[in-house]
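> Here is the input, now give the coordinates:
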Amino acid sequence: MNVIGSKLVRNMLFAVVSVMMLCTSALGAEEQQRLSYPEVGITKSMLIRPSIGYWWNCTGVRLSGMYLNKDSHEFQSNIGYAFYDTVKLQQSVNLVTSWVVGSDPGADYRFGATGLSYCINYRGFFFELGLAVPWRDDIGNLEDDPVVPCLSWGYIYRFISD
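Okay, here's the model as predicted:
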C-alpha cells in the first residue's frame with residue numbers, strides 16, 4: 001500500500017473512533033441495551049442481495065451476497081462492533097471483506113478487498129459507508145487505486161423484542 005493509501009486508512013480510523021466516542025457520550029451508556037438477536041434483510045451495493053446476520057451483545061457478523069452469473073456476482077462479510085444498540089437504532093463499526101465481479105459503463109471489475117465501514121440501522125433502514133484496500137485484482141484496473149469505497153443501503157430487520 002502506498003503512502004496515500006496508508007494516510008487515508010489512518011484518517012478513516014481516526015474519524016470512526018471519534019464518531020464512536022461522540023455518539024456514545026452524547027447518547028448516554030444507560031440508554032443502550034445490549035441484546036442478542038438475528039437480522040435479515042435486503043441490501044444494495046452493485047447488486048441487490050439478501051443479507052443475514054446475528055449480534056451477540058455488541059459483537060456481530062453479517063453475510064450478504066448474490067450470484068447472477070459468472071460475470072456478475074458480489075459477496076460481503078462483516079464482523080462488527082456495535083457501539084450504540086437500542087431497539088430503534090444501531091451504530092456499528094465493521095471489518096468488511098468483499099469479493100466483487102461486475103461492470104459499470106466503461107469498466108469491468110473482478111476484485112477482493114478488505115477494510116472498515118460505519119453502519120447505521122434506524123428502524124430497519126440500513127446504510128453502510130467505508131473504505132477497503134484491494135488485495136486481489138484479476139483484471140488490473142485497480143492498480144492505481146489504494147482504496148475502493150464500500151457503500152450499501154437497504155432494509156435489514158432486526159428481531160428485537162421491545
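> For Thr97, which non-adjacent residue is closest in space?
Thr114 (4.6 Å; CB to CB, 6 or more residues apart in numbering). For glycine as for every other residue, the C-beta is placed from the backbone atoms N, C-alpha and C.
> Could you give the separation of the helix or strand containing that neighbour from the chain centroid?
Secondary structure assigned from DSSP states H and E places Thr114 in strand 107-122. Strand 107-122 sits 6 Å away from the centroid of its parent chain (CA atoms, centre = their mean, to the nearest Å).
> Same check on stretch 86-100?
5 Å.
> now stretch 96-114
Counting by CA atoms, centre = their mean, stretch 96-114 comes out at 15 Å from the chain centroid.
> quick one, strands of this structure?
37-44, 48-56, 59-69, 72-85, 89-104, 107-122, 125-137, 148-158 (DSSP state E).
> Let's have those strands in JSON lines, adding mean neighbour count.
JSON lines is the format used below for the strands of the chain (neighbours: other CB atoms under 10 Å):
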{"stretch": "strand 37-44", "mean neighbour count": "17"}
{"stretch": "strand 48-56", "mean neighbour count": "17"}
{"stretch": "strand 59-69", "mean neighbour count": "17"}
{"stretch": "strand 72-85", "mean neighbour count": "19"}
{"stretch": "strand 89-104", "mean neighbour count": "19"}
{"stretch": "strand 107-122", "mean neighbour count": "18"}
{"stretch": "strand 125-137", "mean neighbour count": "18"}
{"stretch": "strand 148-158", "mean neighbour count": "18"}
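> picking that back up, pLDDT value on the residue nearest to Thr97, please?
For Thr114, the pLDDT comes out at 96.
> From Arg110, how far out is Lys70?
From Lys70 over to Arg110 the distance is 10 Å, taken as CB to CB, to the nearest Å.
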